[in-house]
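**Q** Give me coordinates for this.
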Amino acid sequence: MLSRKDLSNALRFLSIDAIQQAQSGHPGAPMGMADIAEVLWRDFLKHNPNNPAWFNRDRFILSNGHASMLLYSLLHLSGYNISIEDLKNFRNCYSKTPGHPEINCTPGVEITTGPLGQGLASGIGMAISEKLLAQYFNRENFNIIDHYTWIFVGDGCLMEGISHESCSLAGTLSLGKLIVFYDKNGISIDGEISDWFTDDTKKRFLSYNWHVIEINGHDSEEISKAIIIAKKNILQPSLIICNTIIGFGSPNKSGKSSVHGAPLGRNKKVLLTRKKLKWSYAPFFIPKNIYKLWNACDSGNKAEEKWNNLFNKYKKKYLDLSNEYIRRINNILPNNFNEIIRKLLFNFNHSLTNCSTREASQKVLENIGKFLPELLGGSADLAPSNLTKWSGSKSIKKYLRGNYIHYGVREFGMTAIANGIYHHGGFIPYTATFLVFVDYARNAIRMSALMKTKQIFIYTHDSIGLGEDGPTHQPIEHISSLRNIPNLSVWRPCDSVETAVSWYYGIKRKDGPTAIILSRQNIKQYLKTNDQIKLVFKGAYILREYGTNIDLIIIATGSEIPLAIKVAKKLYELNYNIRVVSMVSTDCFDNQNLKYRELVLPDSIYNRVSIEAGISDYWYKYIGFKGIRIGIDSFGESGPGNKLFKLFGFSVKKIVLRIIKKFFS
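**A** Numbers count the residues shown, from 1 in each chain. Model prediction:
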């Protein structure tokens with residue numbers, strides 16, 4: 001008769017064999033966590049391998065993503081579309097089994113986990129989504145949103161600072177359906193962690209308002225009892241501390257750092273492990289009776305069918321709610337959304353009151369927020385400065401009712417949590433901080449772009465224009481560095497119309513995040529023709545032309561557009577014909593066809609100037625080596641914003657003199 005150890009050993013040896021074949025990978029954690037995974041996946045996890053996208057499934061996240069072979073083995077044995085050949089292809093190009101779990105690559109993978117701790121934070125975002133959606137859609141006897149979030153973490157995840165940011169917030173929000181398993185094996189790549197990680201993890205999480213249980217991670221009965229107890233605690237997230245042995249079962253390497261990130265070694269060491277664990281089967285061979293006990297296809301179908309029957313009854317009783325649910329989980333915008341934006345653009349274009357673009361952004365939210373209940377906002381303790389709250393914003397507190405999250409001073413955690421919120425489904429998250437603090441969030445921004453997450457980043461106080469706070473708060477290299485992240489669309493609008501277009505682009509976009517860079521200081525508004533408004537959507541357009549046979553093109557963005565206009569007018573007075581191009585989004589413009597790009601920036605006009613209050617190197621691609629780059633290539637200074645712009649050469653007189661000397665003398 002098969003024992004639980006036989007079933008968990010199936011996980012161990014599929015992982016060992018795949019890593020051995022690839023001659024690359026991390027066998028230690030899969031071998032150490034196999035017993036926990038077997039109990040969770042076979043006895044508690046609600047999922048359907050036939051339909052990995054079933055919305056009411058439990059979410060499982062492997063935050064210690066280097067243990068990816070554990071997840072791939074689980075998916076294969078449970079009946080997902082992961083074959084033995086896929087396991088044999090582990091860590092090869094274009095396989096379903098990459099080195100770390102990747103969303104949209106492997107059926108059953110909920111989120112891309114690589115950098116330690118981010119899976120934990122994103123999983124917390126998923127738990128937030130579940131609770132918010134349950135509050136919104138569930139009715140008495142109709143819990144159509146009702147699932148758990150389960151997360152595996154390792155020592156490294158809990159060493160990373162993001163674990164503090166995200167777990168602190170999770171405890172504050174009382175996420176009772178969040179259960180985290182901590183693989184406490186005391187080993188990392190460098191060796192025994194007792195020399196550098198001596199935190200009392202239990203006390204730490206108790207202080208976060210978590211429920212904490214400590215068990216033997218190799219005792220199936222203890223694991224099962226801990227899960228049952230954790231599920232009963234609906235007022236707190238639970239941390240199950242699982243004391244395990246890394247590389248469990250290896251006579252040569254168990255409990256050692258050498259098993260963390262390298263194959264077991266020569267075949268002899270693998271054979272010794274097989275003998276130790278009484279696993280007599282050939283590599284990649286799983287007996288039929290083990291497959292049968294692991295397969296979750298029938299139970300998954302039954303669970304989904306039961307839910308479908310419930311939802312059909314729900315539809316009959318709550319037709320409007322059910323239609324709204326279907327719309328939101330399918331990421332479909334309301335039918336009238338385009339018309340709302342069209343009216344907004346018209347009104348903004350004919351309201352020429354000067355304002356900062358952060359104020360314009362708040363006006364956009366006022367106009368669209370009530371039509372988009374899926375918009376879930378938040379700021380890293382800067383809502384009054386980022387202007388991310390609107391009149392319909394309701395702050396989410398302990399019982400998670402509302403549409404606005406106060407993330408606290410947690411830029412990294414905020415961004416990763418919002419990634420999880422989106423990939424759970426049902427929401428479009430937007431998050432905010434000062435532009436200079438994207439450095440704190442950068443890796444989560446990168447992961448957002450990598451996963452094609454629809455998250456909208458609002459970054460305000462975008463230049464030295466913020467003034468007296470000084471160089472620690474004045475972004476210089478930040479806009480350019482964001483533009484260099486693949487698949488992140490970056491928009492820096494100059495007025496209300498461009499701000500509204502930036503928001504529209506971010507909301508409509510389905511293949512990645514959008515960053516909207518906004519000013520603190522007021523900016524002049526520019527009346528546009530209907531054709532110009534349409535061209536804003538192309539990322540760059542001709543905002544003004546002075547004269548016909550153009551002698552020079554000035555390219556500018558955001559708050560530097562008014563300066564570019566003044567420079568152009570002065571040069572026109574001196575009998576030079578000038579074109580001003582507003583480059584709202586470089587990546588969007590780069591994606592336009594050659595005909596349009598040539599129309600805006602003809603190759604025949606090689607006299608070009610860029611004006612942007614940030615690092616200037618980025619602009620070579622648009623103005624060439626012969627052009628003039630007006631930028632800031634040093635850190636800022638503390639002082640009033642208007643004085644700083646003059647100090648750093650952003651004055652009409654200085655720029656005009658440079659242009660005449662360079663091109664017209």
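
**Q** hey, let's count contacts and neighbours off CA atoms from now on
**A** Will do.

**Q** Who are the packing partners of the strand or helix carrying residue 609?
**A** In the assignment (DSSP states H and E), residue 609 maps to strand 608-611. The contact analysis (3 or more Cα pairs under 8 Å, 6 or more residues apart in numbering; DSSP states H and E) places strand 608-611 against strand 552-556, helix 620-623, strand 628-630.

**Q** Check for me that residue 213 belongs to a helix.
**A** No - with DSSP: H, G, I helix; E, B strand; the rest coil as the criterion, residue 213 is strand rather than part of a helix.

**Q** Under a three-state scheme, what state does the residue nearest to it when sequence neighbours are not counted occupy?
**A** Using Cα to Cα, 6 or more residues apart in numbering and skipping residues adjacent in sequence, the residue nearest residue 213 is residue 240, 4.9 Å away. Here residue 240 takes the strand state, with states given by three-state DSSP.

**Q** so what's residue 240 scoring on pLDDT?
**A** At residue 240, the pLDDT value in this model is 99.

**Q** List the residues that contact it.
**A** 179, 180, 181, 182, 212, 213, 214, 215, 226 (Cα atoms under 8 Å, 6 or more residues apart in numbering).

**Q** Three-state assignment for the fourth one, please.
**A** Put simply, residue 182 is strand when judged by three-state DSSP.

**Q** Just send the contacts of residue 240 back as TSV, with distance to residue 317 and pLDDT too.
**A** Below are the contacts of residue 240 laid out as TSV (distance: Cα to Cα, whole Å; pLDDT from 0 to 100):
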residue	distance to residue 317	pLDDT
179	33	99
180	36	99
181	39	99
182	42	98
212	40	98
213	41	98
214	44	98
215	45	98
226	38	98
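
**Q** Just give me the closest of these to residue 310.
**A** residue 179 (25.6 Å; Cα to Cα).

**Q** which residues does the closest one form a beta bridge with?
**A** residue 150, residue 238 (DSSP bridges).

**Q** ok now do it, which residues does it touch?
**A** 148, 149, 150, 151, 230, 231, 237, 238, 239, 240.

**Q** so how far is residue 231 from it?
**A** For residue 179, the distance to residue 231 (Cα to Cα, to the nearest Å) stands at 8 Å.

**Q** ok, now residue 124?
**A** For residue 124 relative to residue 231 (Cα to Cα), the value is 16 Å.

**Q** Compare these two (neighbour count), which wins?
**A** residue 124 (33 against 16; other Cα atoms under 10 Å).

**Q** List the residues that contact the more buried one.
**A** 149, 166, 167, 170, 178, 417, 420 are the contacts of residue 124 under Cα under 8 Å, 6+ apart.

**Q** mind checking how far the fifth one is from residue 210?
**A** Think residue 178. For residue 178, the distance to residue 210 - Cα to Cα - is 10 Å.

**Q** shared neighbours of the two, which are they?
**A** Joint contacts of residue 178 and residue 210 (Cα under 8 Å, 6+ apart) are 237, 238.

**Q** re the thing from before, mind giving me the ChimeraX command for buried ones among the contacts of residue 124?
**A** If you want just the buried ones from those in ChimeraX, going by 16 or more other Cα atoms under 10 Å, the selection is:
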select :149,166,167,170,178,417,420
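
**Q** out of the contacts of residue 124, which are inside helices?
**A** 166, 167, 170, 417, 420 (DSSP state H).

**Q** which residues of the stretch 251-400 of the chain score low on pLDDT?
**A** For the stretch 251-400 of the chain, no stretch is flagged by pLDDT under 70.

**Q** Next, format the contacts of residue 240 as CSV and append distance to residue 40.
**A** Formatted as CSV, the contacts of residue 240 follow (distance: Cα to Cα, whole Å):
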residue, distance to residue 40
179, 11
180, 11
181, 10
182, 13
212, 17
213, 16
214, 16
215, 14
226, 11
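
**Q** Show the subsequent helix or strand relative to the helix or strand of the chain with the lowest mean pLDDT.
**A** Scoring the helices and strands of the chain by mean pLDDT, DSSP states H and E places helix 267-276 at the bottom, with a mean of 91. Next along the chain after helix 267-276, taking DSSP H and E as the criterion, comes helix 288-294.

**Q** Mind giving me the packing neighbours of that next one?
**A** helix 4-22, helix 68-78.

**Q** hang on, isn't residue 284 packed against residue 86?
**A** No - the criterion here is Cα atoms under 8 Å, and residue 284 misses it with residue 86 at 11.0 Å.

**Q** Now do the shared contacts for the two.
**A** By Cα under 8 Å, 6+ apart, no residue touches both residue 284 and residue 86.

**Q** Could you chop the protein up by domain?
**A** 4-300, 337-517, 538-663 (automatic domain parsing).

**Q** Reformat those as CSV; add distance to residue 531.
**A** Output for those, formatted as CSV (distance: least, Cα to Cα, whole Å):
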stretch, distance to residue 531
domain 4-300, 38
domain 337-517, 12
domain 538-663, 10
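
**Q** which stretch among those domains comes nearest residue 529?
**A** domain 337-517 (8.8 Å).

**Q** Could you check how far residue 269 is from residue 20?
**A** 11 Å.

**Q** So which of the two has more stuff around it?
**A** More crowded of residue 269 and residue 20, by other Cα under 10 Å: residue 20, with 24 against 16.

**Q** I'd assumed residue 263 was in contact with that one.
**A** Yes - taking contacts as Cα under 8 Å, residue 20 lies within contact range of residue 263: 5.4 Å.

**Q** Out of the helices and strands packed on helix 288-294, which gets nearest to residue 476?
**A** helix 68-78 (38.5 Å).

**Q** for that closest one, packing partners?
**A** helix 4-22, helix 28-43, helix 84-88, helix 288-294.

**Q** same thing but at 10 Å, please
**A** Applying 3 or more Cα pairs under 10 Å, 6 or more residues apart in numbering; DSSP states H and E, we find helix 68-78 packed against helix 4-22, helix 28-43, strand 59-62, helix 84-88, helix 288-294.

**Q** Give me the common contacts of residue 20 and residue 263.
**A** Shared contacts of residue 20 and residue 263 (Cα atoms under 10 Å, 6 or more residues apart in numbering): 26, 27, 270.

**Q** Who wins on neighbours among those residues?
**A** residue 27 (31 neighbours).

**Q** Now do the contacts for that residue.
**A** 12-13, 15-20, 66-70, 246-248, 258-264.

**Q** likewise residue 28?
**A** 12, 15-16, 66-67, 185, 187-188, 245-250, 253-264.

**Q** Rebuild the helices and strands packed on helix 288-294 as CSV, extending it with mean pLDDT and distance to residue 617.
**A** Conversion of the helices and strands packed on helix 288-294 to CSV gives the following (pLDDT from 0 to 100; distance: least, Cα to Cα, whole Å):
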stretch, mean pLDDT, distance to residue 617
helix 4-22, 97, 42
helix 68-78, 98, 40
